[in-house]
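Participant: let's see this in three dimensions:
(2 chains)
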Amino acid sequence: NAGVTQTPKFQVLKTGQSMTLQCAQDMNHEYMSWYRQDPGMGLRLIHYSVGAGITDQGEVPNGYNVSRSTTEDFPLRLLSAAPSQTSVYFCASSYEGKPEAFFGQGTRLTVV
Amino acid sequence: AQSVTQLGSHVSVSEGALVLLRCNYSSSVPPYLFWYVQYPNQGLQLLLKYTSAATLVKGINGFEAEFKKSETSFHLTKPSAHMSDAAEYFCAVSSGYSSASKIIFGSGTRLSIRP
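Facilitator: Have a look, this model is predicted:
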């Protein structure tokens, strides 16, 4: 099983550029989430989805968009990158009957 | 609202010594509690979880945690530290199975092991 796969692993953007962080899971999990990790702040929830076609905001949604057209994929879009979005981004998935989340390996994003 | 507080951003112990990482939570409903471990440049791996069954929970790599409702705590322990335990540890809380997509994390504790 591949589990949760994130691409790319590393990315450098210029301020104002847009990009999409990809996340795919092959476990047929209903729930998917995006977190950002910053030093001393743990992981903060950006957006989450409880199923295809359903998304909602987390703690820090500003500057990010998501969509969930299929169960497997949950892309995170940065419309106009800012240096404050420099972070490590983690995608996670989970399913009804298990309370914990399974994480991808992360995407390290630098905005210059 | 739920929240997690991890006491101590950095803990250093000698190899073979007791490891104690502290976590306190706040939740308006019975919580589900987790400890995750993150090794350098990797994702998060579940160490153990509390889901309202036994209050003493055993996890992987010899770690365990005890849920104490009266103290709103879920501290992580290991009797004897090993060099391979050096990593960052995160305590986390959610409000239930259907809320697995909304896990709230603490700020993390970096564990260092001295030879």
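
Participant: report the central residue of the chain.
Facilitator: You didn't pick a chain, so chain A it is. With distances taken as Cα atoms, centre = their mean, chain A has residue A:34 as the residue nearest its mean C-alpha position (3.1 Å).

Participant: um, chain B though
Facilitator: In chain B, the centroid-proximal residue (Cα atoms, centre = their mean) is residue B:35; its distance is 3.1 Å.

Participant: does that residue touch residue B:75 like I think?
Facilitator: No: using Cβ atoms under 8 Å as the test, residue B:35 is too far from residue B:75 to be in contact (9.5 Å). Using the backbone N, CA and C atoms, a C-beta is placed for each residue, glycine as well.

Participant: would you map the strands across the chain?
Facilitator: No chain in the question, so chain A it is. A:4-7, A:10-13, A:19-25, A:31-37, A:43-51, A:54-57, A:64-66, A:76-78, A:87-94, A:102-103, A:107-111 (DSSP state E).

Participant: nope, chain B please
Facilitator: Secondary structure of chain B (DSSP E): strands at B:3-7, B:10-14, B:19-26, B:32-38, B:44-50, B:56-58, B:64-68, B:73-78, B:87-94, B:104-105, B:109-114.

Participant: can you put these in TSV and add distance to chain A and mean pLDDT?
Facilitator: Listed next are the strands of chain B as TSV, based on distance: least, Cβ to the nearest Cβ, whole Å; pLDDT from 0 to 100:
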stretch	distance to chain A	mean pLDDT
strand B:3-7	8	93
strand B:10-14	10	97
strand B:19-26	11	96
strand B:32-38	4	94
strand B:44-50	4	93
strand B:56-58	12	95
strand B:64-68	14	95
strand B:73-78	14	98
strand B:87-94	6	94
strand B:104-105	4	90
strand B:109-114	10	96
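
Participant: residues in chain A within reach of chain B, list them.
Facilitator: Residues of chain A lying close to chain B by Cβ under 8 Å from any Cβ of the partner chain are A:4, A:31-33, A:35, A:40-45, A:48-50, A:58, A:90, A:92, A:94-106.

Participant: are any of these buried, and if so which?
Facilitator: A:4, A:31-33, A:35, A:42-45, A:48-50, A:58, A:90, A:92, A:94-95, A:99-106 (16 or more other Cβ atoms under 10 Å in any protein chain shown).

Participant: could you pull up phi and psi at the closest residue to residue B:30 other than its chain neighbours?
Facilitator: Residue nearest to residue B:30 in three dimensions, not counting chain neighbours: residue B:52, with 6.0 Å by Cβ to Cβ, 6 or more residues apart in numbering or on different chains. The main-chain torsion angles of residue B:52 are listed as degrees, to the nearest 10 and equal phi 80, psi 10.
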